[in-house]
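Asks: One predicted model, sequence on top.
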Amino acid sequence: MAERRPWHYLVAIGILAAGWEALAIALAVPAFPRLGPALVALWQGVAEGELLLHTWVSLCRVAYATALALILGVPLGLYLGRSGGPIGSVLVYLTHPIPKVVFLPVIMVVLGIGDLSKVFMIFLILFFQILVTVRDGAAAVEPGHLIAVTALGARGWQVYRHVVIPATLPRVFTALRLSTATAVAVLFFAETYATTHGLGAYVWDAWSARDYDDMFAGVIAMAVLGFGFHTAADLLERVCCPWVRAQVRE
Amino acid sequence: MAASSPDRGPGAGVMVEVEGLRLVFRQGREETLVLDGVSFSLPAGESLALIGPSGCGKTSLLYILAGLLTPTGGRVAVARAPVVRGREGTALILQDYGLLPWKTVRENAALGLRIRGRSPEAADRVLRDLGLWDLRHRYPAQLSGGQRQRVGIARALALDPDLLLMDEPFSALDALTREELQDLVLSIWRQRRTTLVLVTHDIAEAVYLGRRILVLSSRPGRVLAEIPNPGAGRPEYRREPAFHQMVNQVREVLARGWVHG
Ligand SMILES: Nc1ncnc2c1ncn2[C@@H]1O[C@H](COP(=O)(O)OP(=O)(O)OP(=O)(O)O)[C@@H](O)[C@H]1O
Ligand SMILES: [Mg+2]
């Protein structure tokens, strides 16, 4: 894959904007505003600070959920991949395909309808993604690498530190990148109830007030949020896994 | 060619002793006899080349010497003690995958020292000796095959081993690089008098580096012949007629083994 340069982004954004405009002109309904008014609404929302506040609330929810999913999913995935027995494997096999969103009513009853249930919902989805990715990565560690460090006298934790964890780390970032879109989608869903804050609530409020410019300002903010998480995962990977880029350059 | 230190000289006793070695792999109900009654002994400071057809158990034998694999039967001793995994003085060099892709040259070379909680200085010294110092910040993916194997050797030498086990270390390299690294191993052996066990498919390599050549039969691996090769251990040997005669002799033993084995 060729290196991406800033002007590539400009061109791609231009194509998206042109597509938006074309669609808005073709549809010609108030519910789908032209790009101009949506951007003005976005600018006003940001300038007044209101949209920033909603974005911040949403960002915190996803960030907490991601942190929790990593803290629990990575160690458990490493364990299941390296030394987990058949029961652990069957447990994941049975639970992974369940669409987690259907538990939302149960979660709301148990954890209440506040922030906790929203964060937990997002956590649940990210957790399984990360768990399965890390488990598969840990199980697929190159046996030659294990032999090499074992021959050097590594045992227990050292094997994890020098081989299993670094071998799995790039996959964690891939899992994060792949699950950001889902996380933001679920966030949107979870912010439709019992909250006045968050981008989901902002979009729904604008929709019920038929303020479509504002609604699209919220949609753009959500897109930026998703893109932000994606980019953060990218940057973190560059810092934490510098060898990945060395391999690509070969 | 005087020994560099008395405890490593040829007179210091036996480094590797293998007696009646048997190895059976079990996979479910299926049993595969891999090594059957392999015996040999190797004095400290000597070099042994292990050669034999593919699948005859050479790598397995090396892993047993490194303590990575437990034999089904027989006796194995390294430095007159039962084999233990991660023995301080034993270093293993593998064909591929020996280097960790996520560690730089310098980190890879110092890995054995780090795992043992020792200072990484010795690794820097070896990197300089082997001409790898300028590459120390690179990752293995940014090295040529020959450079990678040099780093593998550096990592082994950083531990100042008394037993060096090598599993087809140069088979993936082009002929020129291979000879260059064979010369490197030879000079290391001459300087340090490290006991050397080298697994190879390459008859010329076995004859150049192994002062004894152990020829194994096809699976199950049995000792077909142990050929003394006292001419080995000098860089000139490659160009002498005795070298080529020895190559032919080994080739014949191998061919006979394949026909009857
Ligand atoms: N973990 C294992 N389980 C079952 N069988 C194995 C295992 N490892 C190796 N074997 C079998 O044992 C035999 C010897 O393998 P080994 O790798 O020691 O051979 P080798 O002489 O090194 O071969 P090559 O020259 O191709 O490297 C082979 O037939 C192989 O299929
Ligand atoms: Mg082998």
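Replies: Yes, it's here. Ligands and ions are numbered 1, 2, ... in the order given.
Asks: Pick out the residue of chain A closest to ligand 1.
Replies: residue A:143 (9.1 Å; CB to the nearest ligand atom). C-betas here are computed from N, CA, C, even on glycine.
Asks: So for that residue, what pLDDT did the model give?
Replies: With respect to pLDDT, residue A:143 scores 90.
Asks: do the same with residue B:248
Replies: As predicted, residue B:248 sits at a pLDDT of 94.
Asks: before we move on, back to that, how close does the residue of chain A closest to ligand 1 sit to residue B:60?
Replies: Here residue A:143 is placed at a distance of 14 Å from residue B:60 (CB to CB, to the nearest Å).
Asks: which one of these two has more residues nearby?
Replies: Between residue A:143 and residue B:60, residue B:60 has the larger neighbour count (other CB atoms under 10 Å in any protein chain shown), namely 19 against 9.
Asks: interface residues of chain A facing chain B?
Replies: A:142-145, A:147-155, A:158, A:162-163, A:166-167, A:169, A:241-243, A:246-247, A:249-250 (CB under 8 Å from any CB of the partner chain).
Asks: now chain A, which segments are flagged as low pLDDT?
Replies: Across chain A, the ranges flagged by pLDDT under 70 are A:1-2, A:248-250.
Asks: Quick one: residues in contact with the helix or strand hosting residue B:182.
Replies: Assigned by DSSP states H and E, residue B:182 falls within helix B:175-192. With contacts defined as CB atoms under 8 Å, 6 or more residues apart in numbering or on different chains, helix B:175-192 is touched by B:1, B:4, B:8, B:47, B:130, B:144-146, B:149-150, B:153, B:157, B:164, B:166, B:169-170, B:173, B:194, B:196, B:198, B:202, B:205, B:208-209, B:233, B:235, B:238.
Asks: 7 Å - rerun?
Replies: B:1, B:4, B:47, B:145-146, B:149, B:153, B:157, B:170, B:173, B:194, B:196, B:205, B:208-209, B:233, B:235 (CB atoms under 7 Å, 6 or more residues apart in numbering or on different chains).
Asks: Please spell out which residues along it are buried.
Replies: Across helix B:175-192, burial judged by 16 or more other CB atoms under 10 Å in any protein chain shown covers B:177-179, B:181-182, B:184-186, B:188-189, B:192.
Asks: Taking chain A, what residue is nearest to chain B?
Replies: Nearest residue of chain A to chain B (CB to the nearest CB) works out as residue A:144 at 2.7 Å.
Asks: What's the nearest residue in the stretch 151-261 of chain B when you look at ligand 1?
Replies: Counting by CB to the nearest ligand atom, the stretch 151-261 of chain B gets nearest ligand 1 through residue B:219, at 5.3 Å.
Asks: okay, now the residue nearest to residue B:232 when sequence neighbours are not counted: neighbour count?
Replies: Distances taken as CB to CB, 6 or more residues apart in numbering or on different chains put residue B:211 closest to residue B:232, at 4.8 Å, once the chain neighbours are dropped. By other CB under 10 Å, the residues close to residue B:211 number 20.
Asks: How much space separates residue B:35 from residue B:56?
Replies: For residue B:35, the distance to residue B:56 equals 8 Å [CB to CB].
Asks: which residues do these two both contact?
Replies: Common neighbours of residue B:35 and residue B:56, using CB under 7 Å, 6+ apart, are residue B:221.
Asks: Compare those two and say which is more crowded by neighbours.
Replies: Neighbours were counted for residue B:35 and for residue B:56 using other CB under 10 Å; residue B:35 has more, 27 against 24.
Asks: could you list every residue that touches that one?
Replies: Contacts of residue B:35 (CB under 7 Å, 6+ apart): B:21-23, B:57, B:60-61, B:220-221.
Asks: Same question for residue A:191.
Replies: By CB under 7 Å, 6+ apart, the contact list for residue A:191 reads A:58, A:118, A:198-201.
Asks: Next, give me the two most distant ones among the residues you listed.
Replies: A:118 and A:199 (12.1 Å; CB to CB).
Asks: Go through the helix-or-strand element of chain B with minimal mean pLDDT and flag the buried ones.
Replies: Lowest by mean pLDDT, DSSP states H and E among the helices and strands of chain B is helix B:241-260, with a mean of 85. Residues of helix B:241-260 classed as buried under the neighbour-count rule (16+ other CB under 10 Å) are B:243, B:246, B:249-250, B:253-254, B:257.
Asks: among the residues you listed, which two are most distant?
Replies: Spatial extent of the buried residues of helix B:241-260 (CB to CB) is set by the pair B:243 and B:257 at 21.4 Å.
Asks: How many residues are close by residue B:95?
Replies: Residue B:95 is flanked by 18 other residues according to other CB under 10 Å.
Asks: partners of whichever strand or helix holds residue B:23 in the sheet?
Replies: Using DSSP H and E, residue B:23 sits in strand B:14-27. Partners of strand B:14-27 in the sheet, by DSSP bridges, are strand B:30-43 (antiparallel), strand B:73-78 (antiparallel).
Asks: which ones are touching the most centrally placed residue in chain A?
Replies: In chain A, the centroid-proximal residue (CA atoms, centre = their mean) is residue A:180; its distance is 1.7 Å. Shown in contact with residue A:180 (CB under 7 Å, 6+ apart): A:226, A:229-230, A:233.
Asks: Pull up the residues of the stretch 151-261 of chain B that are close to ligand 1.
Replies: Contact residues, the stretch 151-261 of chain B versus ligand 1 (CB under 6 Å from any ligand atom): residue B:219.
Asks: Strands along the stretch 51-200 of chain B, start to end?
Replies: Along the stretch 51-200 of chain B, counting by DSSP state E, counting those that start in this stretch, strands occupy B:73-78, B:81-82, B:90-93, B:163-167, B:195-200.
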